[in-house]
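Participant: Quick one, structure for this:
(chains A and B)
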There are 2 protein chains.
Amino acid sequence: MSEFERIARLTARFRGPRPPALGIGDDAAVLHGEGPLVVTVDASVEGVHFHQSFASLDALAARAVEAAASDLAAMGARIDVDGAGLAFAWSLPQALSDADFDALVEGSARAAERMGAAVVGGNLTRGPNIALTTTALGRLDAAPLTRAGARPGDHIAVTGSPGRAAAGLGLLLSGRPVAPSLSALVDAWRAPRARLAEGHGLATGSPPASACIDLSDGLAADAAHLARASGVALVFDDDALTADPLVAAAAAALGRSPLDVVTAGGEDYELLATGPRACFGPGWRLVGRVTEGAGLWRDRAGQRIALTDRGFDHFAR
Amino acid sequence: MSEFERIARLTARFRGPRPPALGIGDDAAVLHGEGPLVVTVDASVEGVHFHQSFASLDALAARAVEAAASDLAAMGARIDVDGAGLAFAWSLPQALSDADFDALVEGSARAAERMGAAVVGGNLTRGPNIALTTTALGRLDAAPLTRAGARPGDHIAVTGSPGRAAAGLGLLLSGRPVAPSLSALVDAWRAPRARLAEGHGLATGSPPASACIDLSDGLAADAAHLARASGVALVFDDDALTADPLVAAAAAALGRSPLDVVTAGGEDYELLATGPRACFGPGWRLVGRVTEGAGLWRDRAGQRIALTDRGFDHFAR
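Facilitator: Residues are numbered from 1 along each chain as shown, chains lettered A, B, ... in the order given. Predicted coordinates:
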C-alpha cells in the first residue's frame, strides 16, 4: 500500500461512532466540545517498550492506546464525549508488511472502540522501528484529579492488582514457557485497560478523591510522585501490597521477592488514588493510609519500614 | 541528566507566557479555552526528514515545531490563545549528550515563544534515532479553512516563495558548498515559519478564503489534495510559479528545471489558498485561478498543460 492508500485504510477503519466536526483528511481535525480539555502524549517504542515477540501487533497497538488513555483516567477525564479523542503518530519500518499495518490499525481501532473514543487524526512516517505515539484528549466533568491533593488521614486505594504486568513481563523476558496457571499475568502486560470509568467515578464522586496517579513507571516511583506533589507520606499495608497469589508464584519462579515485583515493576496502568474511605466503591482495594511526613513506607505488623523509591528511568545508564 | 532531571529542565524552560490551568508535571495537562479545538500531529524523524548535518539541533527542533503548527495555520486557527498549545513527544538515543538535549529544548522553546504558544506537555523515551513528534492544538475564531471550499472563479494565492526549501535541501544534499548568494534557500529549509497570522487572517477576513492547505509534501501534491477535495481544477500561471530568480539559479546548479523544484519539492510550510481576489492582502501572491474540472494545470501563454501530481510518499519503494 502507498502512504495515501494507508491513510485511506485508516480513515475508513477509524470512522467511529463519534465523528469530530472535521476528521481525518484535512490539515488538522476540528472538535466541538465543552469543559476543560485534558491533553496527554505517550509513546510505545519497539525495542524499548516492547518486542514483537511479546504479543501480537494488534495487541501491542491496543496496549499503546490504553497506556495513553490511562493518563486521562488518572485525571478523572472522559474520552467518550464530544471534543475528546485520540490522534496516532506512527513511525513504521519501510519493510512493514501490509498485514502488519492492518494489525496495528485493527488493534488501535478496537481499543478506541472499547473506550468509546473518536480517532481524530494522526501522522504516518518511516522510521527504523515501530514507534506508536498517541495523543489522548479528554474532557472534565469535575475538577481534575491531580497528584497534589492527598491529605493526612486519607486512605490509599488501587484498582486491579499492581505487579501483575511486571510479573507477566518478567515471565516473557525469562524466555521459558509460561505455566497456564500464570497466563493471567502475561495477559495483564499484554492487554492493560485504561481505568477510565474508575477515574471518572473518583473525580465526580461525593466526596471526590483527593489525588490520583496511574501506575506506569512502577508503584513505588509513581506513588513517590504523588507523595512529593502532595507533601505527605504514604504508608502501605505490607500484606495488602503482596496479597496476590499469582504475583507471589511468579516472583518465586523469577527468584524475586513479591514486594519487589509489585513496587518496582511498571506498566500496570492501574490507578492509585487517595481520599476519604467513602470515595472508594467497588473496583477499589484499600492498601494503606496517608500520614504527615514524606516518602513511602510500609507497615509490617505495626513496624514502619522505608519503601525504596524505584522505577524505570529511560536515560539511566 | 536522568529522565527526571530532563523533565525538570523542560518544565523550567517551557514555562511560557501562557501557562495552562495545569501544565507539565502531572499525568496530563488541563487547558481552559473557548471555541472549536483544532488538533494536528506531526513527526520529524532523523534519517527521514532530516540529517544532523543539515542544520544545528536547535534549528531542527524549531523546524519540527513550525511544521506541526503549519497545519493549524492552514486551518486558520490560533495557537496563541488559552486552550491552545503544543505537546512534544521526543524519542532520543541513549547516547545523546546533555548539550544536544539542551539544544533541542532551546530550539523548541524559541519556536513556541515566536508563535506565542504554551507548551502543555510531552513525553520522553529512548529510541534508535532522534524523532520529534509534535501535537499542536489550536482554537478557531471563525469557520475552519478546509481543503474543500474552492469554487470556480476563485483566485489561487501563496505565501512566500514555494520551492525555496526544496532548492535549499537540494543544495544541502548535493554536498557541495553553497554559494553565499543562495544561502537564503538553505535558510528557507532550515528555518521555516508557520504562517499562523496569514492563515488566521484568511479565515477571519471579509470575505474569508474558500480553501487552504499548507505546502508540506510539495506544491503539486498538496494542490492536488485541495483540487480533489473541492472538486475543481487549479490552473497555475506558469510564470508566477517560476518567478523566483534564486530558485531558478539553484535549479540550474542542480541540473533540474525550476518548475520541477517548485512543484515536486516539499517542506516549504507556506500556505496555498483560494478565494475571491479581495481576501488576499499583503503577504499573498496570486499564482492562478480555480476553474471547473479536475486536476492541476499550468497556463503557458494561454496554453493549458497538465501539471504532474507528484509528491513525497513515505512508503513508496
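
Participant: how about the helices in the stretch 51-200 of chain A?
Facilitator: Per DSSP state H, counting those that start in this stretch, the stretch 51-200 of chain A carries helices over the ranges A:57-75, A:98-114, A:164-174, A:183-190, A:196-204.

Participant: Tell me which residues touch the most centrally placed residue in chain A, please.
Facilitator: Note on chain A: the residue nearest the mean C-alpha position is A:Y269, at 2.9 Å, using CA atoms, centre = their mean. Listed by CB atoms under 8 Å, 6 or more residues apart in numbering or on different chains, the contact set of A:Y269 reads A:E66, A:A67, A:S70, A:A165, A:P192, A:R193, A:A194, A:R195, A:D214, A:L215, A:S216. All C-beta atoms are positioned from the backbone trio N, CA, C, and that covers glycine.

Participant: hey, which of the helices of the stretch 51-200 of chain A is tucked in deepest?
Facilitator: Neighbour counts averaged per stretch over these are highest for helix A:57-75, at a mean of 27; criterion: mean count of other CB atoms under 10 Å in any protein chain shown.

Participant: Point out the other helices and strands that that helix packs with.
Facilitator: Under the contact criterion of 3 or more CB pairs under 8 Å, 6 or more residues apart in numbering or on different chains; DSSP states H and E, helix A:57-75 touches strand A:37-45, strand A:85-92, helix A:98-114, strand A:131-139, helix A:196-204, strand A:211-214.

Participant: What residues of the helix or strand just after the shortest one count as buried?
Facilitator: If I follow you right, that is strand A:211-214. For strand A:211-214, the following helix or strand on the C-terminal side (DSSP states H and E) is helix A:219-230. Of the residues in helix A:219-230, A:L219, A:A220, A:A221, A:D222, A:A223, A:A224, A:H225, A:L226, A:A227, A:A229, A:S230 count as buried by neighbour count, 16 or more other CB atoms under 10 Å in any protein chain shown.

Participant: residues contacting the last one?
Facilitator: So that's A:S230. Contacts of A:S230 by CB under 8 Å, 6+ apart are A:R147, A:A148, A:G149, A:A150, A:R151, A:S210, A:A211, A:T274, A:V290.

Participant: Contacts for stretch A:52-63, please.
Facilitator: Contacts of stretch A:52-63 (CB under 8 Å, 6+ apart): A:44, A:46, A:50, A:100, A:103-108, A:110-111, A:130, A:132, A:169, A:172, A:189-192.

Participant: Go again with 6 Å.
Facilitator: A:F50, A:D100, A:A103, A:L104, A:E106, A:G107, A:S108, A:R110, A:A111, A:L172, A:R190 (CB atoms under 6 Å, 6 or more residues apart in numbering or on different chains).

Participant: Tell me the spacing between the nearest residue to the last one once chain neighbours are set aside and chain B.
Facilitator: Computed as CB to CB, 6 or more residues apart in numbering or on different chains, the closest residue to A:R190 that is not its neighbour in sequence is A:A55, at 4.4 Å. With the distance defined as CB to the nearest CB, to the nearest Å, A:A55 ends up 19 Å from chain B.

Participant: Over to A:A55: give its phi and psi.
Facilitator: When read as degrees, to the nearest 10, the backbone of A:A55 gives phi -170, psi 170.

Participant: Count the neighbours of it for me.
Facilitator: 20 (other CB atoms under 10 Å in any protein chain shown).

Participant: mind saving the C-alpha coords of stretch A:6-18 as PDB?
Facilitator: Only the C-alpha atoms of stretch A:6-18 are listed here, as PDB (Å, rounded to 0.1, in the frame of the first residue of the first chain):
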ATOM      1  CA  ARG A   6      -2.700   3.500   4.100                       C
ATOM      2  CA  ILE A   7      -4.300   6.800   5.100                       C
ATOM      3  CA  ALA A   8      -7.400   5.800   3.200                       C
ATOM      4  CA  ARG A   9      -7.400   2.500   5.100                       C
ATOM      5  CA  LEU A  10      -7.000   4.300   8.400                       C
ATOM      6  CA  THR A  11      -9.700   6.800   7.600                       C
ATOM      7  CA  ALA A  12     -12.100   4.000   6.700                       C
ATOM      8  CA  ARG A  13     -11.400   1.900   9.800                       C
ATOM      9  CA  PHE A  14     -11.300   4.700  12.300                       C
ATOM     10  CA  ARG A  15     -14.800   6.000  11.200                       C
ATOM     11  CA  GLY A  16     -16.100   5.600  14.700                       C
ATOM     12  CA  PRO A  17     -19.400   6.300  16.500                       C
ATOM     13  CA  ARG A  18     -18.300   9.800  17.400                       C
END
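
Participant: Please see if that stretch touches chain B.
Facilitator: No. Against chain B, stretch A:6-18 shows no contacts by CB under 6 Å from any CB of the partner chain, the least distance being 6.5 Å.

Participant: buried set for that stretch?
Facilitator: A:R6, A:I7, A:L10, A:R13, A:F14, A:G16, A:R18.

Participant: residues in the stretch 101-250 of chain A within reach of chain B, list them.
Facilitator: Going by CB under 6 Å from any CB, the residues of the stretch 101-250 of chain A near chain B are A:120-123, A:125-128, A:133, A:135, A:144, A:146-147, A:214.

Participant: re the thing from before, take the helices of the stretch 51-200 of chain A and lay them out in CSV including distance to B:G83.
Facilitator: Putting the helices of the stretch 51-200 of chain A into CSV (distance: least, CB to CB, whole Å) gives the following:
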stretch, distance to B:G83
helix A:57-75, 16
helix A:98-114, 23
helix A:164-174, 35
helix A:183-190, 36
helix A:196-204, 20
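
Participant: could the ones you listed go into a markdown table alongside distance to B:A264 and mean pLDDT?
Facilitator: Shown next, in a markdown table, are these (distance: least, CB to CB, whole Å; pLDDT from 0 to 100):
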| stretch | distance to B:A264 | mean pLDDT |
| --- | --- | --- |
| helix A:57-75 | 33 | 97 |
| helix A:98-114 | 26 | 95 |
| helix A:164-174 | 47 | 95 |
| helix A:183-190 | 44 | 96 |
| helix A:196-204 | 45 | 97 |
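
Participant: Between those helices, which one is closest to B:T242.
Facilitator: helix A:98-114 (38.3 Å; CB to CB).

Participant: between that closest one and strand A:131-139, how big is the angle?
Facilitator: 20 degrees (axes from the mean of the first three to the mean of the last three CA atoms, to 10 degrees).

Participant: what's the spacing between helix A:98-114 and its chain's center?
Facilitator: 18 Å (CA atoms, centre = their mean, to the nearest Å).

Participant: And the contacts of it?
Facilitator: So helix A:98-114 is contacted by A:M1, A:R13, A:F14, A:L57, A:D58, A:A61, A:A62, A:V65, A:E66, A:L86, A:V119 (CB under 6 Å, 6+ apart).

Participant: give me that answer again for 8 Å
Facilitator: So helix A:98-114 is in contact with A:1, A:6, A:9-10, A:13-14, A:16-17, A:56-66, A:69, A:86, A:88, A:90, A:92, A:118-119, A:130, A:132, A:193, going by CB under 8 Å, 6+ apart.

Participant: Likewise for stretch A:14-24?
Facilitator: Against stretch A:14-24 from outside (CB under 8 Å, 6+ apart): A:7, A:10-11, A:28-32, A:80-82, A:85, A:105, A:108-109, A:112-113, A:116-122, B:36, B:144, B:146.

Participant: These, buried ones only, as a PyMOL selection?
Facilitator: To isolate the buried members of the contacts of stretch A:14-24 in PyMOL, using 16+ other CB under 10 Å:
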select buried, (chain A and resi 7+10+28+29+30+31+80+81+82+85+105+108+109+112+116+117+118+119+120+121+122) or (chain B and resi 36+144+146)
